[in-house]
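[1] After the sequence you'll find the predicted model.
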Amino acid sequence: MSSNSFSYNEQSGGGEATELGQEATSTISPSGAFGLFSSDLKKNEDLKQMLESNKDSAKLDAMKRIVGMIAKGKNASELFPAVVKNVASKNIEIKKLVYVYLVRYAEEQQDLALLSISTFQRALKDPNQLIRASALRVLSSIRVPIIVPIMMLAIKEASADLSPYVRKNAAHAIQKLYSLDPEQKEMLIEVIEKLLKDKSTLVAGSVVMAFEEVCPDRIDLIHKNYRKLCNLLVDVEEWGQVVIIHMLTRYARTQFVSPWKEGDELEDNEKNFYESDDDQKEKTDKRKKPYTMDPDHRLLIRNTKPLLQSRNAAVVMAVAQLYWHISPKSEAGIISKSLVRLLRSNREVQYIVLQNIATMSIQRKGMFEPYLKSFYVRSTDPTMIKTLKLEILTNLANEANISTLLREFQTYVKSQDKQFAAATIQTIGRCATNILEVTDTCLNGLVCLLSNRDEIVVAESVVVIKKLLQMQPVQHGEIIKHMAKLLDSITVPVARASILWLIGENCERVPKIAPDVLRKMAKSFTSEDDLVKLQILNLGAKLYLTNSKQTKLLTQYILNLGKYDQNYDIRDRTRFIRQLIVPNEKSGALSKYAKKIFLAQKPAPLLESPFKDRDHFQLGTLSHTLNIKATGYLELSNWPEVAPDPSVRNVEVIELAKEWTPAGKAKQDNSAKKFYSESEEEEDSSDSSSDSESESGSESGEQGDSGEEGDSNEDSSEDSSSEQDSESGRQSGLENKRTAKRNSKAKGKSDSEDGEKENEKSKTSDSSNAESSSIEDSSSDSESESESESESESRKVTQEKEKKTKQGRTPLTKDVSLLDLNDFNPVSTPVALPTPALSPSLMADLEGLNLSTSSSVISVSTPVFVPTKTHVLLHRMSGKGLAAHYFFPRQPCIFGDKMVSIQITLNNTTDQKIDNIHIGEKKLPIGLKMHVFNPIDSLEPEGSITVSMGIDFCDSTQTASFQLCTKDDCFSVNIQPPVGELLLPVAMSEKDFKKEQACLSALHLLSKPRNANRNE
């Protein structure tokens, strides 16, 4: 991409030079032509002075002008030294623009960019996520093999970043690093596997693109993430939706059986009349095995259906090709309406869509027959669009609509666009061959066109008539005579050659006309086109064999002319014909069969669609458009005869079910004295499967597992208050369940012994891998390693402590814990049980470690569970059909560090379009700040869109009131945050946990919470 943009800038730079040369004509000096660029140099000198200024405002203004130059395609590469000096600026706005510039020119000015590489490395740890992401982009844009290890380390760190935006850029950098050094493939696959588990919609599209570039054959990486990708698809950005849909299409063709077999069964319905019932029943049992679609197959088809209403043509086209390639034929019809809708787009989109419709309409005419009029040609259509529409109309033609289409074609033949008129005549010829009922009608119509004033129309008609006559066994002597008369007026070589071929083939049927035609052609032989000369030679040979008395001398004269022609093809043909038809001593055995050779029955030409052979390419791809296999094209595999094991996609779900079911019931009455009991940890780990533990080395893996577990525990955690009230009455029941559970464990211990050993082995190998990767990281930066280790250790320890605290808490305990904050929360926020990420022995070792000398190590972590509960912002009745709901995604807000991220979903429940949806007047208390979403131009009927906004509540539960406006109305709405949404999840050591717990015991006496709000 960068090379293309570079060449583009070189060209545009030349245009700029011409432009500036015109402006500076008066300043040309006699010393040379460099005076042309004097004004350009002055401009750049001005920018250089501004960049070296001590004022940030001047630097910012200069950077804005430079980025504006880049956006217009002007060359600003000579400012690189002056810009790169400001890479360490403390002003965030300047730094952002500098990084934008560096991403564009880092590849061209590699030496200068390398001088600032230490600055980029420091920026990777910047508090601002935009700076971290920009630094990674610049680093991956410096395409020098020597910094590959630094890039690899940066990508690994960024893939574990808290910000999804940084993780997204890490996925983009993977592709750049792979193109620079393909030997890093194995390490990059590990990062891709880690990022595929990410639950952020921002990351999904980018990591799938990296997967497609680096390792498209590693389908095993998709198994566990398949359902997640299907469910996230609607919320991913449009570019990511296209990439994911294409990847899932390939995946579905390898993992599911064909849904098209039901059509084959319908063809076998005919049964032998005298066949016995038993034989018939046996055959039916063998042949008719009812097809049942895999639930995951159905999930993909169901989740992509809403995207047919997308405003993005590429997304609609991607869904259409998915339905075409993997859905049952009975369900593929729904894509036709969406594809026809795209024909209202610009001509480039129309061209691609029509090409795909042309391919589809060959195999399944019924899909597009209801929309026949949508393919009628408009006068404003360009020729390429007209030709494609003609192709589709030909494919859709049948006995019912052919009369309407022929009337339409009559209008097209009169078009001023001669190329289109010629294509229409070819279309009429194809309709005549496909539908026998109208063959004579079409032939008569084409004969009428022979009297047209336009030579191109006449020539094309002659060519088509020649093909039709060749396919018709009936004699058409009158038409041939009429066409022979046209030789004097038609000058198009193809048409003249077609008439001569027809006369030669039917020379015995027109014995008087053929010799005269040959006489006329002999006169003009030397001035004819090569194509016509070849047909004159053929005509002479055929007449010599059938009517030698009249044409012998003429044929010899023509053969003598051809013997000395400038074209060697004509000379060779002349020698060949002379030896074949003129008997002499040197003539071979073939002379006897000359008449059979020249006058043999020729096979009729097949008038087929040019799109017939394109169906083996995946629709919507560049290869399909060009009809040539393009570089990087991934072929769709054939459907498997037997579906692979579907359990590979639901392993994760089964494991989570095993983990949380006992924890939600049997662990509720654990006493406080077993808070650090290793035996119970071992018991828990034996219940949980090894897959979640094997992901302990990857931070995103932990977040993903715990997040899913939180989803499954939502119901049990929401009823926590009612469980506390009635817990004393259920103590005996829980004890009985625990006893039964332990008995069943003891009974099945021997069966699961082997499995536990394998789990221990996998834990050991995974932990060793994690240690080796951490050792590699430490070779580059030991300080960052110690920080990351202490953070990961404290996070895991804290998760274990919080888990034990919840399990060991009883209604009789008077100690105040962190979980009691839920009592003050107006919204019930479920708390999920984190999956144990370490083995008990390793956990015990880590509890005794203290890698930090500081007394407080508290780091912000990602939320264990994000509730999906939404709150009504605007009811559809109050909003006159516009409904709005909001929820808190619990992600860092990209609009500001102190802001709370809020996602608002807007729904149009009316049957009319709602225009200009925006935020109007804001009535905020003192101190509150709001970052609004960009205005929405229009929302289609029954449409839905999700937007993000940020509000700084100043660590209070004050209500933020504002107006949600449309083009015609304004509605007053307000958002009041629950207390829990103002808090950030933190990871801390055991010592800090106890310290904070002690502070919380006197919470009612404190006027300000400590270390819990967003400002601290």
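    That came in fine, so what should we check first? Residues are numbered from 1 along each chain as shown.
[2] Where does the prediction get shaky in the stretch 601-750 of the chain?
    Filtered on pLDDT under 70, the stretch 601-750 of the chain yields the residue ranges 651-750.
[3] which stretches of the protein have low pLDDT?
    When residues are selected by pLDDT under 70, those of the chain lie in 1-43, 261-289, 472-475, 585-588, 651-862, 864, 1000-1016.
[4] surely Pro382 meets Glu348?
    No. Counting by C-beta atoms under 8 Å, Pro382 does not reach Glu348; the two are 10.2 Å apart. Heads up, the C-betas are built off the backbone N, CA and C, glycines and all.
[5] so which helix or strand takes in the nearest residue to Ala313 once chain neighbours are set aside?
    The shortest distance from Ala313 to any non-neighbouring residue, by C-beta to C-beta, 6 or more residues apart in numbering, is to Val349 (4.7 Å). Following DSSP states H and E, one finds Val349 within helix 347-363.
[6] got the contact list for that helix?
    313, 317, 320-321, 324, 339, 342-343, 345, 367-368, 381-382, 384-385, 388-389, 391-392, 395-396, 609, 611-612, 614-615, 619-620, 624-625 (C-beta atoms under 8 Å, 6 or more residues apart in numbering).
[7] Just the buried subset of the residues you listed, please.
    313, 317, 320-321, 324, 339, 342-343, 367-368, 381, 384-385, 388-389, 391-392, 395-396, 609, 611, 614, 619-620, 624-625 (16 or more other C-beta atoms under 10 Å).
[8] could you show me where the helices are in the stretch 851-1000 of the chain, in order?
    Along the stretch 851-1000 of the chain, counting by DSSP state H, counting those that start in this stretch, helices occupy 990-1000.
[9] List the contacts of Leu882.
    874, 876, 906-910, 914, 917, 939, 964, 966, 971.
[10] now swap in Ser637 and tell me
    250, 253-254.
[11] quick one: which of those has the most company?
    Counting neighbours by other C-beta atoms under 10 Å, Arg250 leads these with 21 neighbours.
[12] what helix or strand is it on?
    Per DSSP H and E: helix 238-255 holds Arg250.
[13] Name the residues of that helix that come out as buried.
    For helix 238-255, by 16+ other C-beta under 10 Å, it's 240-253, 255.
[14] try stretch 934-952
    936, 939, 943, 947-952.
[15] Columns distance to Ser330 on top of these, output as CSV?
    CSV is the format used below for those (distance: C-beta to C-beta, whole Å):
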residue, distance to Ser330
Ile936, 36
Leu939, 32
Gly943, 27
Val947, 37
Ser948, 39
Met949, 43
Gly950, 47
Ile951, 49
Asp952, 53
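[16] Now, these that are in strands?
    The strands, defined by DSSP state E, take in 936, 939, 947-952 from the buried residues of stretch 934-952.
[17] export these to TSV and tack on distance to Ala423?
    Shown next, in TSV, are those (distance: C-beta to C-beta, whole Å):
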residue	distance to Ala423
Ile936	43
Leu939	41
Val947	47
Ser948	50
Met949	53
Gly950	56
Ile951	60
Asp952	63
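[18] Pick the one among those residues closest to Leu221.
    Nearest to Leu221 among these is Ser948, at 29.3 Å by C-beta to C-beta.
[19] quick one, what contacts the closest one?
    894, 901-904, 933.
[20] if we go to 7 Å?
    901, 903, 933 (C-beta atoms under 7 Å, 6 or more residues apart in numbering).
[21] so the first one bridges to which residues?
    Listed beta-bridge partners, Ser901: Gly950 (assigned using DSSP bridges).
[22] ok, it - how many residues close by?
    By the criterion of other C-beta under 10 Å, Ser901 has 19 neighbours.
[23] all strands for this structure, in order.
    858-860, 871-874, 882-887, 900-908, 914-923, 929-931, 936-939, 944-952, 960-965, 970-975, 986-988.
[24] Which secondary structure elements does the second one sit against?
    Applying 3 or more C-beta pairs under 7 Å, 6 or more residues apart in numbering; DSSP states H and E, one finds that strand 871-874 contacts strand 882-887, strand 970-975.
[25] quick one, which of these is nearest to Thr292?
    Between the helices and strands packed on strand 871-874, strand 882-887 lies closest to Thr292; by C-beta to C-beta that is 36.4 Å.
[26] So in that sheet, which strands flank the closest one, and in what orientation?
    strand 871-874 (antiparallel), strand 900-908 (antiparallel).
[27] right, and those strands - which one's nearest Asn169?
    So among those, strand 900-908 is nearest, using C-beta to C-beta, at 18.7 Å.
[28] What angle do strand 970-975 and that closest one make with each other?
    Angle of strand 900-908 versus strand 970-975, following axes from the mean of the first three to the mean of the last three C-alpha atoms, to 10 degrees, is 140 degrees.
[29] Which residues does strand 900-908 contact?
    Against strand 900-908 from outside (C-beta under 7 Å, 6+ apart): 873, 881-889, 891, 893, 914, 917, 939-951, 953, 975, 977, 981-982.
[30] for the stretch 401-550 of the chain, what spans make up the helices?
    Using DSSP H, counting those that start in this stretch, helices in the stretch 401-550 of the chain cover 402-413, 418-434, 439-449, 455-471, 477-485, 493-505, 513-523, 530-546, 548-563.
[31] would you turn those into TSV with distance to Ala998?
    Shown next, in TSV, are these (distance: least, C-beta to C-beta, whole Å):
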stretch	distance to Ala998
helix 402-413	86
helix 418-434	85
helix 439-449	95
helix 455-471	94
helix 477-485	106
helix 493-505	97
helix 513-523	112
helix 530-546	100
helix 548-563	111
